[in-house]
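Asker: Fold the following.
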Amino acid sequence: MARGLYLVRTDRWYTERATWGLSGLVVLAATALAALVDPRFVGLVAVTGAFSVAVALTGYCAMSTALLQLGMPSRLTPSHPRPTLFGRPVYRARTDSWYLERGIYLIVGVNLTIASVLTLVHSPWWLLFTGFVGGASLLFAASGFCPVANALYQLGFEPRLGPVARPRNVAAGR
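Answerer: Residues are numbered from 1 along each chain as shown. All right, here's what the predicted structure looks like:
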(Lines give C-alpha, C1' and ligand atoms only; values in the text may rest on other atoms or scores of the structure.)
Protein backbone atom coordinates (compact mmCIF):
# COMPACT_ATOMS: atom_id res chain seq x y z
CA MET A 1 0.00 0.00 0.00
CA ALA A 2 1.24 3.45 -0.90
CA ARG A 3 1.30 6.30 1.55
CA GLY A 4 0.70 9.98 0.93
CA LEU A 5 -1.04 11.74 -1.93
CA TYR A 6 -0.65 10.97 -5.59
CA LEU A 7 -0.14 14.14 -7.63
CA VAL A 8 0.93 14.32 -11.27
CA ARG A 9 3.37 16.91 -12.53
CA THR A 10 1.85 20.25 -13.45
CA ASP A 11 5.04 22.11 -14.36
CA ARG A 12 4.39 21.57 -18.08
CA TRP A 13 1.63 20.39 -20.39
CA TYR A 14 1.67 16.93 -21.94
CA THR A 15 -0.95 15.04 -23.95
CA GLU A 16 -2.44 13.08 -21.05
CA ARG A 17 -2.84 16.15 -18.83
CA ALA A 18 -4.33 18.21 -21.67
CA THR A 19 -6.69 15.35 -22.56
CA TRP A 20 -7.97 15.17 -18.97
CA GLY A 21 -8.61 18.92 -19.03
CA LEU A 22 -10.31 18.95 -22.43
CA SER A 23 -12.42 15.92 -21.52
CA GLY A 24 -13.47 17.65 -18.31
CA LEU A 25 -14.55 20.70 -20.30
CA VAL A 26 -16.57 18.53 -22.71
CA VAL A 27 -18.26 16.68 -19.84
CA LEU A 28 -19.09 19.88 -17.96
CA ALA A 29 -20.44 21.60 -21.09
CA ALA A 30 -22.53 18.57 -22.07
CA THR A 31 -23.82 18.23 -18.51
CA ALA A 32 -24.84 21.90 -18.46
CA LEU A 33 -26.55 21.57 -21.85
CA ALA A 34 -28.37 18.43 -20.68
CA ALA A 35 -29.56 20.19 -17.52
CA LEU A 36 -30.51 23.50 -19.12
CA VAL A 37 -31.48 22.75 -22.73
CA ASP A 38 -32.25 19.10 -23.49
CA PRO A 39 -31.46 15.94 -21.49
CA ARG A 40 -30.32 14.22 -24.68
CA PHE A 41 -27.11 16.29 -24.59
CA VAL A 42 -25.99 13.78 -21.95
CA GLY A 43 -25.22 11.61 -24.98
CA LEU A 44 -22.02 13.65 -25.36
CA VAL A 45 -21.08 12.63 -21.84
CA ALA A 46 -21.77 8.99 -22.71
CA VAL A 47 -19.60 9.25 -25.84
CA THR A 48 -16.79 10.78 -23.77
CA GLY A 49 -17.15 7.91 -21.31
CA ALA A 50 -17.10 5.33 -24.09
CA PHE A 51 -13.93 6.88 -25.54
CA SER A 52 -12.33 6.76 -22.09
CA VAL A 53 -13.11 3.04 -21.79
CA ALA A 54 -11.71 2.50 -25.29
CA VAL A 55 -8.46 4.26 -24.30
CA ALA A 56 -8.18 2.03 -21.23
CA LEU A 57 -8.69 -1.13 -23.27
CA THR A 58 -6.75 -0.31 -26.46
CA GLY A 59 -4.42 2.57 -25.54
CA TYR A 60 -5.54 4.56 -28.59
CA CYS A 61 -6.92 8.08 -28.09
CA ALA A 62 -8.07 10.40 -30.89
CA MET A 63 -7.78 13.58 -28.79
CA SER A 64 -4.29 12.69 -27.60
CA THR A 65 -3.31 11.83 -31.18
CA ALA A 66 -4.35 15.32 -32.30
CA LEU A 67 -2.36 16.88 -29.45
CA LEU A 68 0.64 14.67 -30.25
CA GLN A 69 0.49 15.74 -33.89
CA LEU A 70 0.41 19.38 -32.78
CA GLY A 71 3.73 18.76 -31.04
CA MET A 72 2.64 18.20 -27.44
CA PRO A 73 4.75 15.51 -25.77
CA SER A 74 3.34 12.37 -24.21
CA ARG A 75 4.34 10.79 -20.92
CA LEU A 76 2.52 7.44 -21.23
CA THR A 77 3.57 6.37 -24.71
CA PRO A 78 6.92 5.01 -25.75
CA SER A 79 8.77 7.46 -27.98
CA HIS A 80 10.04 4.69 -30.26
CA PRO A 81 8.60 2.84 -32.00
CA ARG A 82 5.52 5.05 -32.11
CA PRO A 83 2.58 3.90 -34.27
CA THR A 84 1.88 6.07 -37.30
CA LEU A 85 -1.04 6.63 -39.64
CA PHE A 86 -0.20 8.12 -43.04
CA GLY A 87 3.23 8.99 -41.69
CA ARG A 88 1.86 10.97 -38.72
CA PRO A 89 2.29 9.86 -35.07
CA VAL A 90 -0.63 8.13 -33.37
CA TYR A 91 -1.15 8.16 -29.61
CA ARG A 92 -1.17 4.72 -28.05
CA ALA A 93 -0.68 4.41 -24.30
CA ARG A 94 0.94 1.29 -22.95
CA THR A 95 -1.44 -1.59 -22.30
CA ASP A 96 1.07 -4.05 -20.85
CA SER A 97 -0.45 -3.90 -17.35
CA TRP A 98 -3.22 -2.26 -15.36
CA TYR A 99 -1.28 0.70 -14.04
CA LEU A 100 -2.90 3.58 -12.17
CA GLU A 101 -3.52 6.01 -15.06
CA ARG A 102 -5.01 3.26 -17.21
CA GLY A 103 -7.33 2.39 -14.34
CA ILE A 104 -8.44 6.04 -14.18
CA TYR A 105 -9.49 5.96 -17.84
CA LEU A 106 -11.53 2.81 -17.23
CA ILE A 107 -13.22 3.92 -13.99
CA VAL A 108 -14.05 7.39 -15.29
CA GLY A 109 -15.36 6.01 -18.57
CA VAL A 110 -17.58 3.39 -16.96
CA ASN A 111 -18.95 5.90 -14.43
CA LEU A 112 -19.70 8.52 -17.08
CA THR A 113 -21.43 6.00 -19.33
CA ILE A 114 -23.57 4.53 -16.54
CA ALA A 115 -24.48 7.95 -15.11
CA SER A 116 -25.46 9.16 -18.60
CA VAL A 117 -27.82 6.24 -19.11
CA LEU A 118 -29.25 6.69 -15.61
CA THR A 119 -29.84 10.37 -16.37
CA LEU A 120 -32.07 9.43 -19.30
CA VAL A 121 -33.89 6.43 -17.84
CA HIS A 122 -34.03 7.19 -14.13
CA SER A 123 -33.45 10.77 -12.99
CA PRO A 124 -31.83 13.99 -14.21
CA TRP A 125 -30.20 14.22 -10.76
CA TRP A 126 -27.50 11.92 -12.14
CA LEU A 127 -26.21 14.99 -13.96
CA LEU A 128 -24.77 16.08 -10.60
CA PHE A 129 -22.49 13.05 -10.78
CA THR A 130 -21.42 13.69 -14.39
CA GLY A 131 -20.73 17.31 -13.42
CA PHE A 132 -18.63 16.13 -10.48
CA VAL A 133 -16.59 13.83 -12.76
CA GLY A 134 -16.08 16.62 -15.29
CA GLY A 135 -14.98 18.97 -12.51
CA ALA A 136 -12.63 16.34 -11.10
CA SER A 137 -11.05 15.90 -14.54
CA LEU A 138 -10.45 19.65 -14.76
CA LEU A 139 -9.06 19.65 -11.23
CA PHE A 140 -6.71 16.80 -12.16
CA ALA A 141 -5.42 18.70 -15.19
CA ALA A 142 -5.04 21.97 -13.29
CA SER A 143 -3.67 20.82 -9.94
CA GLY A 144 -2.42 17.26 -10.46
CA PHE A 145 -4.84 15.92 -7.82
CA CYS A 146 -7.58 13.39 -8.59
CA PRO A 147 -9.77 11.56 -6.05
CA VAL A 148 -9.91 8.37 -8.16
CA ALA A 149 -6.15 8.43 -8.74
CA ASN A 150 -5.52 8.72 -5.02
CA ALA A 151 -7.91 5.87 -4.23
CA LEU A 152 -6.13 3.64 -6.75
CA TYR A 153 -2.74 4.77 -5.43
CA GLN A 154 -3.74 3.85 -1.87
CA LEU A 155 -4.88 0.44 -3.15
CA GLY A 156 -1.41 -0.18 -4.55
CA PHE A 157 -1.79 0.57 -8.26
CA GLU A 158 1.57 1.56 -9.69
CA PRO A 159 1.59 4.99 -11.37
CA ARG A 160 3.34 5.36 -14.72
CA LEU A 161 3.47 9.13 -14.55
CA GLY A 162 5.00 8.91 -11.10
CA PRO A 163 3.86 10.97 -8.16
CA VAL A 164 5.49 14.35 -7.70
CA ALA A 165 8.50 13.98 -5.42
CA ARG A 166 8.15 15.79 -2.16
CA PRO A 167 11.04 17.96 -1.00
CA ARG A 168 12.98 16.60 1.94
CA ASN A 169 12.42 18.16 5.31
CA VAL A 170 15.78 19.86 5.78
CA ALA A 171 15.08 20.91 9.36
CA ALA A 172 14.36 17.32 10.41
CA GLY A 173 17.41 16.04 8.56
CA ARG A 174 15.47 13.58 6.42
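
Asker: Which residue ranges of this structure form strands?
Answerer: For the chain, the strands defined by DSSP state E occupy 84-85, 88-89.

Asker: Make CSV out of those strands and add mean neighbour count.
Answerer: (Each C-beta comes from the backbone N, C-alpha and C, glycine too.) Listed next are the strands of the chain as CSV, based on neighbours: other Cβ atoms under 10 Å:
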stretch, mean neighbour count
strand 84-85, 9
strand 88-89, 13
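
Asker: Could you dump those strands into CSV with distance to Glu101 and mean pLDDT added?
Answerer: What follows is those, written out as CSV (distance: least, Cβ to Cβ, whole Å; pLDDT from 0 to 100):
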stretch, distance to Glu101, mean pLDDT
strand 84-85, 23, 76
strand 88-89, 19, 83
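
Asker: Can you add distance to Arg160 and give the ones you listed back as TSV?
Answerer: Formatted as TSV, those follow (distance: least, Cβ to Cβ, whole Å):
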stretch	distance to Arg160
strand 84-85	22
strand 88-89	19
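
Asker: for those, which one sits closest to Thr119?
Answerer: strand 84-85 (34.6 Å; Cβ to Cβ).

Asker: Name the residues that touch the closest one?
Answerer: For strand 84-85, contacts defined as Cβ atoms under 8 Å, 6 or more residues apart in numbering pick out Val90.

Asker: And it, how far out from the chain middle?
Answerer: Mean-position distance between strand 84-85 and its chain equals 23 Å (Cα atoms, centre = their mean, to the nearest Å).

Asker: ok, for Ser52, nearest residue in space, not its chain neighbours?
Answerer: Gly109 (3.1 Å; Cβ to Cβ, 6 or more residues apart in numbering).

Asker: how about that neighbour, what does it touch?
Answerer: 48-56.

Asker: Return the subset of these lying in helices.
Answerer: 48-56 (DSSP state H).

Asker: from those residues, which single one is nearest Pro124?
Answerer: So of the ones in helices among the contacts of Gly109, ranked by how close each gets to Pro124 (Cβ to Cβ), first place is Gly49, at 17.1 Å.

Asker: avg pLDDT for stretch 117-136?
Answerer: Average pLDDT, stretch 117-136: 97.

Asker: quick one: pLDDT of Ala2?
Answerer: Predicted confidence (pLDDT) for Ala2: 62.

Asker: Are any of the ones in helices among the contacts of Gly109 buried, and if so which?
Answerer: Among the ones in helices among the contacts of Gly109, those classed as buried by 16 or more other Cβ atoms under 10 Å are 48-49, 51-56.
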